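> fold the following, please.
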Amino acid sequence: MNELFNFYGLAFAILLALPHILYRRRHPTDPGDCPNKGMVILDRMGRLGVLLLMSVHIGVLEKGFTEPKELMMRFWLILTSALVILYWALWLLFFRRSSRWLANLIVAVSAAAAIMSGILQVNTLLVSFGIVYLIGELYIVKCVIPK
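Down below sits the predicted model:
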């Protein structure tokens with residue numbers, strides 16, 4: 001990768017983080033809701049790692065888009081855009097009527113966006129942090145969102 005910042009990735013990272021931040025401001029949670037603090041830390045590490053690695057090229061375990069690069073980058077932009085649009089639509093539904101299955105679907109879509117971005121960009125760390133985020137966030141949803 002020639003550039004340090006991935007500006008499309010930064011835009012996607014912001015769009016993925018914004019609804020979560022808005023929800024947490026309106027619905028603060030008690031730290032005692034989740035008994036396993038290790039999973040809470042795992043979730044935060046996964047989330048922050050995904051947001052960082054989608055935005056910044058650190059040059060470790062990443063090769064960039066495979067050939068044909070232009071086609072793969074277009075495919076990545078279209079796929080990630082579609083997943084982010086779906087993510088926002090699910091959040092709008094969740095803001096109207098929160099449920100655990102909808103929260104799990106939101107987590108799955110956001111993790112899919114991160115993992116697919118890592119796969120298409122051949123970024124092993126992004127894929128790894130996407131999986132860590134998925135596992136941690138599913139645990140948090142189980143603790144925080146009622147059935």
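> which parts of the chain are strands?
For the chain, no strands are identified by DSSP state E.
> would you map the helices across it?
7-26, 37-55, 69-96, 100-120, 124-144 (DSSP state H).
> helices and strands around the first one, which ones?
Contacts defined by 3 or more CB pairs under 8 Å, 6 or more residues apart in numbering; DSSP states H and E place helix 7-26 against helix 37-55, helix 69-96, helix 100-120. The C-beta positions use only the backbone N, C-alpha and C, and glycine is treated the same way.
> picking up where we left off before, can I get the helices of the chain in a markdown table with mean pLDDT and distance to residue 63?
Output for the helices of the chain, formatted as a markdown table (pLDDT from 0 to 100; distance: least, CB to CB, whole Å):
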| stretch | mean pLDDT | distance to residue 63 |
| --- | --- | --- |
| helix 7-26 | 92 | 15 |
| helix 37-55 | 92 | 14 |
| helix 69-96 | 94 | 11 |
| helix 100-120 | 95 | 11 |
| helix 124-144 | 93 | 9 |
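> in TSV, list those helices along with mean neighbour count.
Output for the helices of the chain, formatted as TSV (neighbours: other CB atoms under 10 Å):
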stretch	mean neighbour count
helix 7-26	15
helix 37-55	18
helix 69-96	15
helix 100-120	20
helix 124-144	19
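> can I get these in TSV with distance to residue 62?
Shown next, in TSV, are these (distance: least, CB to CB, whole Å):
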stretch	distance to residue 62
helix 7-26	12
helix 37-55	8
helix 69-96	13
helix 100-120	9
helix 124-144	7
